[in-house]
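Asker: For reference, the sequence and a predicted model appear below.
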Amino acid sequence: MRILLIGSGGREHALAWALRKNPKVALMSAPGSSALASLGEVKPIAVDDVDGLTNLAKEMQPDLTVIGPELPLALGLTDSLKSLGLSVFGPSAEAAKIEGSKVFAKDFMVRHNLPTASYAVFYDPAEAKHYLKDASYPVVVKADGLASGKGVFVCGHHNQAMAALAEMASMEAASRIIVEEYLAGEEVSYFAITDGSSILPIPSAQDHKTIFDNDRGPNTGGMGAYSPAPLVTPKLEEIIMETIIRPTVEGLAAEGTPYCGLLYAGLMVSLSGPKILEFNARFGDPETQALMPRCKGDLAETLLAAANGVLHEANLAWDERPCVCVVMSSKGYPGPYETGQVITGLDKAEARDGVKVFQAGTTCEPRKIVQDGQEIWSETLQTNGGRVLGVTALGDDLESAVTKAYEAVGDISFEGAHYRRDIGAKALHF
Ligand code: AMP
Ligand code: GLY
């Protein structure tokens, strides 16, 4: 089975690694990374180059294309590939609006009676400013469009809301602004694969959004994850499925935009039940890095079945053991960060039983090193992004998975490496 995987991050490395467990899979990725190059051919075509990617697919005729990030989905890559008669795992641009436009998503939630925070939409920042004068705080101010996680501001008081508006003034994604009720509770990420009618749930996971321990500091793409989330009991899972996932899949189909791909519901769970914070139209990152080591079924056949509208024929089995992913990031992330730092210790970390390191922001390039007193060029693994590595470990229980992941982190070093020390801590005390 020839699979074209779009993307280059830790999520894609984890997906590629899991897809390749099927020995029949031949993988190609674009734009790929040096880590993905060890799992198949790589074509350096950017994720927003829909024409370039379409031409590649025309040439390669993959049996399946799996789209990792949100941008190509929003830009219509799925539609473009499908018009060539190709099988694609990933929603159409219309269906992907569930992530690409928060206004679309909120209006959809209301139309279908889905549990979410109350909200108001503003087309003019001056009106939002006026509204925020008398709002009862905290509130959450959000840009409508894709903003790489930088378009959401939780505001404890009026000054913060004004600062959020000021920051949004230069954001293309903020042509419409949402002001939303603040929801208290515990966040979980809930994923399901769907072909537009059948739904295959995936075990729950919990992300750690902020850069520092104890949920302090600015939000990031995600600094670590664990799966399963003990908060998601079988009972809660049933509620999530019946009040959120199923009505969403049915609602999108009923509106003429059936959804095929991975539906990701970011949820806030409180005593009054789960409420939707956001939808994403793709696998979460780093959650996927904590999920893939648990995946025991045939991911490639399952995603192909979903793409071909026969998901009911597929199934996935999951390792009972919990998995923890600790993200190691570059100095300065999520602000400006440095790259080009030499990474050592990966082999040692991966030699540990149950440990797998996924690479998000790395590159392997020739570098001058001194060996036996002589300068030579050597292929060297270096940092090349904000989030650099996802160090994952399976354990017999969550505590041992956490311990093992941190032991593996201890094997690895690069200048300025940062990681949270409390990944999984909340679940241990649950
Ligand atoms: P979003 O991209 O909409 O999921 O928002 C990013 C993060 O902001 C979420 O993961 C939450 O931590 C926080 N957030 C978003 N909306 C709310 C809300 N209504 N109440 C509380 N926190 C929120
Ligand atoms: N982990 C958050 C995201 O993928 O959006």
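Answerer: Structure received. Ligands and ions are numbered 1, 2, ... in the order given.
Asker: quick one: contacts for the spatially most central residue of the chain?
Answerer: Centrality entry for the chain: nearest residue to the mean C-alpha point is residue 284, 2.1 Å, by C-alpha atoms, centre = their mean. Shown in contact with residue 284 (C-beta atoms under 8 Å, 6 or more residues apart in numbering): 11, 189, 191, 205, 207, 222, 225, 264. All C-beta atoms are positioned from the backbone trio N, CA, C, and that covers glycine.
Asker: mind redoing it with 10 Å?
Answerer: Residues near residue 284 by C-beta atoms under 10 Å, 6 or more residues apart in numbering: 11, 189-191, 205, 207, 221-222, 225, 262, 264, 266, 290-291.
Asker: near ligand 2, which residues of the chain?
Answerer: For the chain, the residues in contact with ligand 2 (C-beta under 6 Å from any ligand atom) are 207, 222, 280, 284-285, 287.
Asker: before we move on, the earlier item: compare the contacts of residue 284 and tell me which has the most neighbours.
Answerer: In terms of neighbours by other C-beta atoms under 10 Å, these top out with residue 290 at 35 neighbours.
Asker: Helix, strand or coil: sort out it for me.
Answerer: Look at residue 290: counting by DSSP: H, G, I helix; E, B strand; the rest coil, its state is helix.
Asker: Make sure it is actually in contact with residue 324.
Answerer: Yes - if you go by C-beta atoms under 10 Å, residue 290 and residue 324 touch, sitting 6.4 Å apart.
Asker: could you pull out the helices for the stretch 301-430 of the chain?
Answerer: For the stretch 301-430 of the chain, the helices defined by DSSP state H, counting those that start in this stretch occupy 346-350, 398-411, 425-428.
Asker: nearest to residue 178, of the ones you listed?
Answerer: helix 425-428 (27.6 Å; C-beta to C-beta).
Asker: Looking at the residue in the stretch 301-430 of the chain positioned nearest to ligand 1 now. What's its pLDDT?
Answerer: Across the stretch 301-430 of the chain, the shortest distance to ligand 1 (C-beta to the nearest ligand atom) belongs to residue 334, at 12.8 Å. Per-residue confidence (pLDDT) for residue 334: 93.
Asker: what's the answer for residue 430, then?
Answerer: 66.
Asker: among the contacts of residue 284, which are in strands?
Answerer: Of the positions in the contacts of residue 284, 189-191, 207, 225, 262, 264, 266 sit in strands, assigned by DSSP state E.
Asker: Do I have it right that residue 344 meets residue 369?
Answerer: No - the pair residue 344 / residue 369 is not scored as a contact, 11.4 Å apart, by C-beta under 10 Å.
Asker: thinking again about what came up before, now the contacts of residue 284 as TSV including pLDDT?
Answerer: Listed next are the contacts of residue 284 as TSV, based on pLDDT from 0 to 100:
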residue	pLDDT
11	98
189	93
190	96
191	97
205	95
207	95
221	91
222	94
225	98
262	98
264	98
266	96
290	98
291	98
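Asker: Just flag the most distant two among these.
Answerer: Going by C-beta to C-beta, the pair spanning the contacts of residue 284 furthest: 190 and 221, at 18.3 Å.
Asker: Report the set of residues contacting both of residue 290 and residue 324.
Answerer: Counting by C-beta under 10 Å, 6+ apart, the residues touching both residue 290 and residue 324 are 224-227, 392-394, 401, 405, 423-424.
Asker: With distance to residue 4 added, can I get the residues you listed in a markdown table?
Answerer: Formatted as a markdown table, the shared contacts of residue 290 and residue 324 follow (distance: C-beta to C-beta, whole Å):
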| residue | distance to residue 4 |
| --- | --- |
| 224 | 29 |
| 225 | 26 |
| 226 | 30 |
| 227 | 26 |
| 392 | 25 |
| 393 | 30 |
| 394 | 29 |
| 401 | 32 |
| 405 | 31 |
| 423 | 32 |
| 424 | 34 |
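Asker: ok, the residues you listed vs residue 173, which is closest?
Answerer: residue 225 (24.9 Å).
Asker: Quick one: residues contacting the closest one.
Answerer: If a contact means C-beta under 10 Å, 6+ apart, then residue 225 has 189, 205-208, 284-291, 323-327, 390, 392, 423-424 as its contacts.
Asker: So which bits of the stretch 251-400 of the chain are right by ligand 1?
Answerer: Taking C-beta under 6 Å from any ligand atom as the contact definition, the stretch 251-400 of the chain meets ligand 1 at 266, 277-278.
Asker: so how many other residues sit close to residue 385?
Answerer: Residues lying near residue 385 (other C-beta under 10 Å) number 21.
Asker: and it, what does it touch?
Answerer: 8-10, 33, 221, 329-330, 333, 337, 339, 359-363.
Asker: hmm, which two among these are most spread apart?
Answerer: Across the contacts of residue 385, no pair lies farther apart than 221 and 363, at 18.3 Å, counting by C-beta to C-beta.
Asker: circling back to that earlier point, so which of the helices of the stretch 301-430 of the chain is nearest residue 43?
Answerer: Residue 43 lies closest to helix 346-350 among these, at 24.8 Å (C-beta to C-beta).
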